[in-house]
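J.: With the input below, show me the fold.
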Amino acid sequence: MEKNELVRIREDIENCIGKRVILKANKGRKRTTTREGILEEAYPSLFVVRICNQFDSVRRVSYTYSDILTETVEVTVCDEVERKIKIS
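T.: Predicted coordinates:
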């Protein structure tokens with residue numbers, strides 16, 4: 001069952017490449033970070049998000065699909081101005 005969930009999560013991520021996403025990552029000890037970026041690439045075991053900040057520096061972060069499954073990372077896809085879709 002868990003393998004099927006990972007395949008479904010991977011397909012959902014692959015369908016959203018190029019879209020704006022909001023990442024909420026659990027960093028441990030009650031620390032969470034929220035970032036906004038563009039879903040850039042999807043590989044067999046991980047996906048990459050390009051994050052731009054106010055200093056015009058580009059940073060890339062990568063997470064595995066199991067991070068979404070274990071709820072370490074929460075990914076919300078922003079399709080339109082008001083419409084947001086949570087991947088889990």
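
J.: any residues touching the strand or helix carrying R8, and which ones?
T.: For R8, the host element (DSSP states H and E) is helix 2-15. With C-beta atoms under 8 Å, 6 or more residues apart in numbering as the test, helix 2-15 has contacts from 39, 42, 44, 47, 65-66, 68-69, 75, 87-88. In this view, the C-beta of every residue, glycine as well, is placed from N, C-alpha and C.

J.: which stretches of the chain form helices?
T.: 2-15, 65-69 (DSSP state H).

J.: still on that earlier bit, are any of the contacts of helix 2-15 buried, and which?
T.: 39, 42, 47, 65, 68, 75, 87 (16 or more other C-beta atoms under 10 Å).

J.: Next, count neighbours for G37.
T.: Neighbour count for G37, taken as other C-beta atoms under 10 Å: 19.

J.: so it makes contact with K19?
T.: No. Counting by C-beta atoms under 8 Å, G37 sits too far from K19 to count as a contact (10.2 Å).

J.: State the pair within the contacts of helix 2-15 that is farthest apart.
T.: Greatest spatial distance in those: P44 and S88, 20.1 Å, computed using C-beta to C-beta.

J.: Low-confidence bits of the chain, can you list those?
T.: For the chain, applying pLDDT under 70 flags the ranges 1-2, 80-85, 88.

J.: all strands for it, in order.
T.: Secondary structure of the chain (DSSP state E): strands at 20-28, 31-42, 46-52, 58-64, 73-78, 84-87.

J.: Reformat the helices of the chain as CSV; add distance to C52.
T.: Shown next, in CSV, are the helices of the chain (distance: least, C-beta to C-beta, whole Å):
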stretch, distance to C52
helix 2-15, 20
helix 65-69, 21
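
J.: mind checking which of those helices is nearest R29?
T.: Comparing these against R29 with C-beta to C-beta, the closest turns out to be helix 65-69 (17.2 Å).

J.: So which elements touch the closest one?
T.: Applying 3 or more C-beta pairs under 8 Å, 6 or more residues apart in numbering; DSSP states H and E, one finds that helix 65-69 contacts helix 2-15, strand 73-78.

J.: Once you drop chain neighbours, what's closest to the residue nearest in space to the middle of the chain?
T.: Nearest to the mean C-alpha position of the chain, by C-alpha atoms, centre = their mean, lies V75 at 4.2 Å. Using C-beta to C-beta, 6 or more residues apart in numbering and skipping residues adjacent in sequence, the residue nearest V75 is I87, 4.6 Å away.
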